[in-house]
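1. Predicted model and sequence below, questions to follow.
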Amino acid sequence: GRPVDKQRANLSLIRSWFHRCQHIHGRSCEESGSAANNLPRLRVIDIYTRNVIVAPIGCRYIALSYVWGGMKQFEARKCDFRIDKHGQEYLPLPERLTRTISDAFFVVESLGERYLWVDTLCIQQDSCEDQHDQMMRMAAIYSSAALTIVAASGCDSDVGLQGISTPRRHKQHSKLIRGFRYAVNLPSYAALEQGDRLIWNTRGWTFQEKIMSKRLLLFTDYQVYFRC
C-alpha cells in the first residue's frame, strides 16, 4: 500500500499508470485510432501557445470531462476566431480560465502531452451549426482521446482538480502501532462508479463521456483513480 496525500496528487505515479497502459496493454486500449484521422474539423487546444487550433493530422490529444455548473466562464465564439498566414483558424485564449480547465492544462503538460480538448473552448458556442456538428461526434471525440481527465468531485468549472489546485476534502486516516502503519481504505473505483457520491456520475452528458472514454483519470475528494 501507499499513503495518499490530501494536498497533492502524485503526478509521477499518474504518469507511470498512463505510460504502463500504453506500453503493456497496447492495442487493447487503442481501438479508436487517432483524432485527426477520424474527426475532420476537430479543434484542440495547444497548451504551449494557448491557442485553439484545427487538430494537426495524427495528433494525440487528451479530453476533459467536467460539470459546468452555474459558473460564468470564457466560451469560444465564432466571431472571435482569427485566420493565420496558412489560412487556418485559431482562437487565442485569455490568461484567466476557470480553475478546472487551468488544472487540466497543468496535468496534460505533466504527462508530456501537448493537446487538450475542452467542449466550451473547442466548440463555437454561438454557432448552432458547429454545436450540432460537434455534438453528433461527441462519442467519437471521447473514444479517440488518448486519455480523459475527469473533474469527478467538482460541482462547477471553477472548483479545480482535487490534488492539483485544491486539496481533497477527505483525509486518509492512519496510525503507527508497534512499528507498523495501519491506514483506513479509501473507497474503491467500483464503489464510487456505481454510486452517486461523485457529482460527475449523476449527469447525463458526463455519463456518455464516461462510457465512451478508453482511459479515465478521475480527480476526486478521496484520491486519483485510473481506469482503462
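-> Received it, and whenever you're ready, just let me know what you need.

2. Tell me which residues touch S157, please.
-> With C-beta atoms under 8 Å, 6 or more residues apart in numbering as the criterion, the residues that contact S157 are 66-69, 71, 73, 98-101, 120, 151. C-beta coordinates here come from the backbone N, C-alpha and C atoms, glycine included.

3. What would stretch 166-176 look like as CSV? C-alpha coordinates only.
-> Once non-C-alpha atoms are left out, stretch 166-176 reads as follows in CSV (Å, rounded to 0.1, in the frame of the first residue of the first chain):
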residue,chain,number,x,y,z
THR,A,166,-7.3,22.4,-4.3
PRO,A,167,-6.9,19.9,-1.5
ARG,A,168,-9.2,16.9,-1.1
ARG,A,169,-12.0,17.1,1.4
HIS,A,170,-11.4,13.5,2.7
LYS,A,171,-8.2,12.6,4.5
GLN,A,172,-6.8,9.0,4.8
HIS,A,173,-6.6,8.2,8.5
SER,A,174,-3.5,6.2,9.5
LYS,A,175,-1.8,5.3,12.8
LEU,A,176,1.6,3.9,13.6
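
4. Name the nearest residue to I47, ignoring sequence neighbours.
-> In space, and not counting its chain neighbours, I47 is closest to F105: 4.9 Å by C-beta to C-beta, 6 or more residues apart in numbering.

5. ok, back up a step: out of the contacts of S157, which one has the lowest pLDDT?
-> By pLDDT, M71 ranks lowest within these, coming in at 77.

6. need the contact list for the nearest residue to R99 once chain neighbours are set aside.
-> The shortest distance from R99 to any non-neighbouring residue, by C-beta to C-beta, 6+ apart, is to G160 (3.7 Å). Residues counted as contacts of G160 (C-beta under 8 Å, 6+ apart) are 99-100, 102-103, 151, 154, 166.

7. Same question for I199.
-> With C-beta under 8 Å, 6+ apart as the criterion, the residues that contact I199 are 67, 152-155.

8. which one in the protein is furthest away from the centre?
-> Distance from the C-alpha centroid of the chain, by C-alpha atoms, centre = their mean, peaks at R178 (41.9 Å).

9. Just after the top helix by length along the chain, pick out the following helix or strand.
-> Secondary structure assigned by DSSP state H gives helix 99-110 as the longest helix of the chain. Sequence-wise, the next helix or strand downstream of helix 99-110 (DSSP states H and E) is strand 115-117.

10. What pairs with that following strand, parallel or antiparallel?
-> Based on DSSP bridges, the pairing partners of strand 115-117 within the sheet are strand 43-46 (antiparallel), strand 62-65 (parallel).
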